[in-house]
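>>> 3D, please:
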Amino acid sequence: MDSIRFWYDASEQKLIVLHNRSGERREIRQLEKIVRFLKEYDLTPDNCKGVQSADDRTHLFAKMRIRSGCCKKDHL
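Residues are numbered from 1 along each chain as shown. Purely as a prediction, here's the structure:
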């Protein structure tokens, strides 16, 4: 499972998620999606203001690579 880092930016009201291996960055702005993502890690926006490190349990970046077409046979 890939590792990620993430934190909630209260001033911008968004969750920032970084994929450690590729350096890809994803921002989640919808509160419902933020809460759903953080629930997977037993966190809330209030207690996620510092940087958290974890496995990508939601497979957020695996989904992005499949949709973008970079998971072709020759790339594996």
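>>> Now do the strands in this protein.
Taking DSSP state E, the strands of the chain run over residues 3-9, 14-19, 25-28, 52-55.
>>> any chance of the ones you listed in a markdown table, with distance to residue 42 and mean neighbour count too?
From N, CA and C alone the C-beta is placed, and that goes for glycine too. Below are the strands of the chain laid out as a markdown table (distance: least, C-beta to C-beta, whole Å; neighbours: other C-beta atoms under 10 Å):
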| stretch | distance to residue 42 | mean neighbour count |
| --- | --- | --- |
| strand 3-9 | 13 | 17 |
| strand 14-19 | 15 | 18 |
| strand 25-28 | 17 | 14 |
| strand 52-55 | 10 | 13 |
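>>> roughly how far apart are residue 37 and residue 62?
14 Å (C-beta to C-beta, to the nearest Å).
>>> Check residue 21 too.
11 Å.
>>> Likewise for residue 11?
30 Å.
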